[in-house]
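Student: any chance you could fold what I've pasted below:
(2 chains)
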Protein chains: 2
Amino acid sequence: MNAPAHIKKSDKKPSPAERLMVMADTDMQAVNAIIKERMQSPVGMIPDLAEHLVEAGGKRLRPLLTIACGHLCGGVTGSHHKLSAAVEFIHSATLLHDDVIDESDLRRGKKVANRIWGNSASILVGDFLFARAFNLMVETGSLEALDILSTASSIIAEGEVHQLAALRDIHVTEQTYLEIVGAKTAALFAAACEVAPVISERSVADRQALKAYGQNLGLAFQLVDDALDYGGLEAALGKSVGDDFREGKMTLPVIRALEKADKDERAFWHRVIVEHTQNDTDLEQAVSRLRKSGALQATLDMARIYADKAVSALDRFEDSEWKSTLEDLSDFVVSRVS
Amino acid sequence: MNAPAHIKKSDKKPSPAERLMVMADTDMQAVNAIIKERMQSPVGMIPDLAEHLVEAGGKRLRPLLTIACGHLCGGVTGSHHKLSAAVEFIHSATLLHDDVIDESDLRRGKKVANRIWGNSASILVGDFLFARAFNLMVETGSLEALDILSTASSIIAEGEVHQLAALRDIHVTEQTYLEIVGAKTAALFAAACEVAPVISERSVADRQALKAYGQNLGLAFQLVDDALDYGGLEAALGKSVGDDFREGKMTLPVIRALEKADKDERAFWHRVIVEHTQNDTDLEQAVSRLRKSGALQATLDMARIYADKAVSALDRFEDSEWKSTLEDLSDFVVSRVS
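Tutor: Numbers count the residues shown, from 1 in each chain, chains lettered A, B, ... in the order given. Next up is the predicted model:
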């Protein structure tokens, strides 16, 4: 398979995500055209800011899922393209609001929008993209797709508030953590997958299977992300490491480390998370503790379980290149780190 | 007509807004029950914050419009109630985000939510209420209502960004100002009215008439609000006066004053708006200038024109108590100040 010229070539074997991008290239061009068209506004600040974020690219993983699941269900229509764009708009709106909340500096390697245009513009352009997402859904005429994506949107916001309320709370349990990531991350993965069989008028069982694929893939994705925030198992500490630590977020690596912590270990985490007193060497020490205790490995083991569940959810579909690439994608989400 | 016990009694003749509240009391109880139910969440911070804002009340003017227009169109159903609640959720979401943006301290006489729960919570709970609004719309099964309210939502956000971009810009024209208030305020009034005939399956002409009623009422409402921000024609300067001035917002009173400004007048507005250098006596001086130059009167005259247009839009409907109260409401929106 040859990648189109605008997709980066490399000597390495393409990852499943890259393979999906190539397979879905014609569709994604249509999706990108919708995205570009619908972020326009006579108010110039809107396309300026939206382009900064949306055109910066990212992997477009969520809209790709809608397209791939559409093909898995027999083919992709204009409504799949619109819902795929709507999914990206919801994701972009969430990112804009997240960046204001997290006080981050960088996103996808670029300065975050709110550092250029201000928090107010990021909040309002997020609202704009969110509303435009619903415009696109309405155009598909599918009340079921609208139901799925509006419910996912309220669950995402719920998960984000839950995460906010759990900040610096050392008593957060694994179950609470899974509720939070299930809502803030996995719900949109699940909805991005589920809307495709709805538009393709497939059975409820197919819908549930693809929803389960997305939900489990999203959980695996977030667990890996949370392990990577501490540098994963081996990687050197890069600049994108330590955001969760600095914010005092209770992610699974920390929860796992606390489960078998001695007094010294517990005192360390209490100081950096609850008291939120951190010095220059603390992140390095945190990483070292999480690696030694096996907490990072345990997090990745759990991600692997969810990735396997995602693959199993596809069992009911006939073999095809789309199916095998979606299976490989789930594996890749975990194997990219371990 | 006797007001139910939970509606405040006073010796004064009830205003048209109060009359509407009494006439729509049974419906508004149903709407309030929906609002209360749908702001619930296992994440406790959400109902806490939402109740603080939504239960503080306010006039519920926008959801009242949906109910009143429903009665004008022959009767109110459960779908009208749901859309009425959805309109209030969209409005509440906008208020939560506005309060973060404007850095206000008070809303409806209470401390703003972001001063209690923080900006992050206000942003996210706004997102939650916005998503829940779309859930409610989906339940009505009306794609047309979804279209109207999602389009209105993107126009509102557009208007808010436009207002942000126009901050401290002394060259803002009357036309730009009308575009901004038409979007940020009047679009939701218009949508709140227009969805009622849609649910009642009335003609396109009825839809357009009620949309025009809402749009013009919204414009009149915002123009009066902008005059009141400078104390109106006579009122003493209360604590809710001067927000626009302090933010450097170019509202119609200032635009009117600048139209016939001499050098001294222009220098004053340039200093306080563009350079944004304001001292303790500047607000008082601004009010005095706006009164003397007739700029506040000119703003209210324009509000009167829109209020009259709103009344005319109702011509095609048969006479009824609902029609006359909606007519009186339009008059009241302007007469409450002059």
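
Student: use CA for all of it now, contacts and neighbours both
Tutor: Noted.

Student: now A:E55, what are its backbone angles?
Tutor: Backbone torsions of A:E55, given as degrees, to the nearest 10, read phi -80, psi -20.

Student: for it, give its distance to A:D48.
Tutor: 10 Å (C-alpha to C-alpha, to the nearest Å).

Student: now do A:A68
Tutor: Counting by C-alpha to C-alpha, the gap from A:A68 to A:D48 is 30 Å.

Student: what's the neighbour count on A:G74?
Tutor: 10 (other C-alpha atoms under 10 Å in any protein chain shown).

Student: can I assume it is in contact with A:V198?
Tutor: No - between A:G74 and A:V198 there is no contact under C-alpha atoms under 8 Å: 12.0 Å.

Student: contact residues of the stretch 101-250 of chain A facing chain B?
Tutor: A:101, A:119-121, A:123-125, A:127-132, A:134-135, A:138, A:141, A:143, A:146-147, A:150-151, A:153-155, A:157-158, A:160-162, A:164-165 (C-alpha under 8 Å from any C-alpha of the partner chain).

Student: now with 6 Å?
Tutor: A:I101, A:S120, A:L124, A:F128, A:A131, A:F134, A:N135, A:S150, A:S153, A:S154, A:A157, A:H162 (C-alpha under 6 Å from any C-alpha of the partner chain).

Student: with adjacent residues omitted, what lies nearest to the second one?
Tutor: Excluding its sequence neighbours, the residue lying closest to A:S120 (C-alpha to C-alpha, 6 or more residues apart in numbering or on different chains) is B:I101, at 5.2 Å.

Student: in three-state terms, label that neighbour for me.
Tutor: Following DSSP: H, G, I helix; E, B strand; the rest coil, the label given to B:I101 is helix.

Student: do the same with A:I90
Tutor: helix.

Student: tell me who's in contact with it.
Tutor: For A:I90, the contact set (C-alpha atoms under 6 Å, 6 or more residues apart in numbering or on different chains) comprises A:F130.

Student: try 7 Å this time
Tutor: A:L129, A:F130, A:A133 (C-alpha atoms under 7 Å, 6 or more residues apart in numbering or on different chains).

Student: mind checking pLDDT for it?
Tutor: Listed pLDDT for A:I90 reads 98.

Student: low-confidence ranges, the stretch 101-250 of chain A, go.
Tutor: A:108, A:235-239 (pLDDT under 70).

Student: just the strands in it please.
Tutor: A:106-107, A:110-111 (DSSP state E, counting those that start in this stretch).

Student: how many neighbours does A:H71 have?
Tutor: With other C-alpha under 10 Å as criterion, A:H71 counts 21.

Student: ok, now the one 10 residues further on?
Tutor: The local packing of A:H81 (other C-alpha under 10 Å) involves 28 other residues.

Student: how about it, what does it touch?
Tutor: A:D27, A:A30, A:V31.

Student: again, but for A:L83
Tutor: A:L83 neighbours (C-alpha under 7 Å, 6+ apart): A:L136, A:M137.

Student: that one looks like it's in a strand, true?
Tutor: No - with three-state DSSP as the criterion, A:L83 is assigned helix and is not in a strand.

Student: distance of it from chain B?
Tutor: 15 Å (C-alpha to the nearest C-alpha, to the nearest Å).

Student: that residue and B:V224, how far apart?
Tutor: 41 Å.

Student: just A:L143 next, same as before
Tutor: Distance from A:L143 to B:V224, by C-alpha to C-alpha: 39 Å.

Student: same thing with A:R19?
Tutor: From A:R19 over to B:V224 (counting by C-alpha to C-alpha), the distance is 59 Å.
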